[in-house]
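> After the sequence you'll find the predicted model.
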Amino acid sequence: MTVIVVSGTGTEIGKTVVTAALAATATAAGRSVAVLKPAQTGLGFGEAGDADEAVRLSGAITGAELARFPEPLAPDTAARRAGMAPISPGEVAQAARKLATSHDLVLVEGAGGLLVRFDDEGGTLADAARLLGAPVLVVAPAGLGTLNSTALTAEALRARGIEQTGVVVGSWPAGPDLAARCNLADLPRAAGAPLLGAVPQGAGALTPRAFRAAAPSWLAPALGGSWDAAAFTASFAASYAPRAPLPAPAPTPCAESRAEPAAAPARRP
């Protein structure tokens, strides 16, 4: 059974596009792929969800949802407000195992971050991964603030004895700022796991044909692609080389030494 759990360090950072890139790369290699979205929130019934989008872009043969809640909230909150039954980590694990009997690869895409609650008992995506014995691929944003959220996610995985496959930048900007460029070197240290890809910003707007052709170039060989982390990082190295320290300012006289001497008191005649 080959199952990979895809978790973000937060929401709206490119999990679905990364999941689609993984599926496209595996499909191009001749593997049958299923994409499972345990809880889809923020969409009405009949609207295309994240699993549908991943299948559309990648050509994966199966997309599945376990539950859909209309408000864009954490799954347990959205279920409670909708008066619907929540899902549990056990149900997620059971569905993934069933898909794995007829597919070479099952990708389980979380909602939000690793510890977002699925149900009233506090079940999370991490619990589903632990039940499955599946590794977790972490999707992180490129810019300022990502090191802390990535380190916290990695720490939560280690505390639960869950393998972290690595980190993929979910949306690499066309014009990366200093923080994003520095993070290429710093993300693996924060995660304690390798950097395994960078998906270009706007990749989800490509046609399915263009997306499938390009997807392997965004992912490292460990994920079936051809992306080279060292070369990618080195291509930005010159633009964030440390600056020479500024010279120390020359000492300035203190206020008392700069003050004009007080005039001598006038003598009485």
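That came through fine. Numbering: from 1, shown residues only.
> Only C-alpha atoms from now on, for both contacts and neighbour counts.
Will do.
> what are the ranges of the helices in this structure?
For the chain, the helices defined by DSSP state H occupy 15-28, 50-58, 75-82, 89-100, 125-132, 146-159, 178-191, 208-214, 229-234, 255-258.
> Just say which of these is most tucked in.
Comparing those by mean neighbour count (mean count of other C-alpha atoms under 10 Å), helix 15-28 comes out on top with a mean of 27.
> packing partners for that helix?
strand 3-8, strand 33-41, helix 50-58, strand 105-113, strand 164-172, helix 208-214 (3 or more C-alpha pairs under 8 Å, 6 or more residues apart in numbering; DSSP states H and E).
> Could you export these as a markdown table, including mean pLDDT and distance to residue 24?
Listed next are the helices and strands packed on helix 15-28 as a markdown table, based on pLDDT from 0 to 100; distance: least, C-alpha to C-alpha, whole Å:
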| stretch | mean pLDDT | distance to residue 24 |
| --- | --- | --- |
| strand 3-8 | 98 | 14 |
| strand 33-41 | 97 | 9 |
| helix 50-58 | 97 | 4 |
| strand 105-113 | 95 | 11 |
| strand 164-172 | 98 | 15 |
| helix 208-214 | 98 | 5 |
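> mind checking which of those is nearest residue 232?
Taking C-alpha to C-alpha, strand 164-172 is the member of those nearest to residue 232, at 11.4 Å.
> Direction included, what does the closest one pair against?
strand 136-140 (parallel), strand 195-200 (parallel) (DSSP bridges).
> and these as JSON lines, adding mean pLDDT and mean neighbour count?
As requested, the strands paired with strand 164-172 are exported to JSON lines (pLDDT from 0 to 100; neighbours: other C-alpha atoms under 10 Å):
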{"stretch": "strand 136-140", "mean pLDDT": "98", "mean neighbour count": "28"}
{"stretch": "strand 195-200", "mean pLDDT": "98", "mean neighbour count": "24"}
